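K.L.:
Take a look and give me a structure for this.
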Amino acid sequence: MSLQRSIPELYDRPSCVPSLPAAWVAPLSRSFFNPERQLAQMDHDMQRMASEMRRMFTDVQHLVPVDSSPEGWRVKENYHLDNPVHHDRSSGRQMFRLQFDVRQFKPEEIYVKTVGNQLEVHAKHGEKGDGKSVHREYHRIYTLPKDLNPEALVSKLNRDGVLSIEAPLPVSEHRDHLIPITHE
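P.N.:
As a prediction, this is how the structure comes out:
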């Protein structure tokens, strides 16, 4: 008997295919093939990977020299806008910190203000010369966290043209809460 003949013979006879007890198949079909559970697991895995990538980026960003191109700074600026909460090692507190690349502007051309719960950073530069004119403008609006005191915001412009805006975040009083388990 060759292998080619034996395979069809196995599946042509239903008695050769072992049947599984219904108790084994039922839990598997309900839990394993549940699309909602699979999507929830994928979402959990994606959040875990994003958290790990944020941690790795934070760990290595001080080792990599800052890219002086606008595109390189845009990537770093967008990262800081998406992740504004930092742990201040000197005080041990959580800090709200944003950084903006405004190196193409003079300090007197940069304005920072709050309007309600929004932070606005605006910079405007203009030059007119012999037959040419240059106009540059930068505008960012950021919604502040509800528990942040806008009056505590401090802005600093360093020599490299990076504007940092920061404030301490209030200490949250999260208390442990025991959640009872009901038995069915």
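K.L.:
contacts and neighbour counts: CA atoms only from here.
P.N.:
Fine.
K.L.:
How about stretch 139-154, which residues are buried there?
P.N.:
144, 148, 150, 153 (16 or more other Cα atoms under 10 Å).
K.L.:
With stretch 47-59 instead?
P.N.:
Result for stretch 47-59 [16+ other Cα under 10 Å]: no buried residues.
K.L.:
who touches that stretch?
P.N.:
Outside of stretch 47-59, no residue comes within contact range by Cα atoms under 8 Å, 6 or more residues apart in numbering.
K.L.:
What would that stretch look like as CSV? C-alpha coordinates only.
P.N.:
Only the C-alpha atoms of stretch 47-59 are listed here, as CSV (Å, rounded to 0.1, in the frame of the first residue of the first chain):
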residue,chain,number,x,y,z
GLN,A,47,-1.0,48.7,24.2
ARG,A,48,1.8,46.6,25.9
MET,A,49,4.0,47.0,22.8
ALA,A,50,3.3,50.8,22.6
SER,A,51,4.2,51.1,26.3
GLU,A,52,7.4,49.2,25.7
MET,A,53,8.3,51.3,22.7
ARG,A,54,7.7,54.5,24.7
ARG,A,55,9.9,53.2,27.4
MET,A,56,12.7,52.2,25.0
PHE,A,57,12.5,55.6,23.2
THR,A,58,12.8,57.4,26.5
ASP,A,59,15.7,55.2,27.6
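K.L.:
and it, average pLDDT?
P.N.:
On average, the pLDDT along stretch 47-59 is 82.
K.L.:
For the helix or strand containing residue 126, which helices and strands make contact with it?
P.N.:
Secondary structure assigned from DSSP states H and E places residue 126 in strand 118-128. Packing partners of strand 118-128 (3 or more Cα pairs under 8 Å, 6 or more residues apart in numbering; DSSP states H and E): strand 110-115, strand 133-143.
K.L.:
out of the ones you listed, deepest packed?
P.N.:
Mean neighbours per residue, mean count of other Cα atoms under 10 Å, is largest over these for strand 110-115, with a mean of 14.
K.L.:
Counting by contacts, list what that strand packs against.
P.N.:
Partner elements for strand 110-115 (3+ Cα pairs under 8 Å, 6+ apart): strand 118-128.
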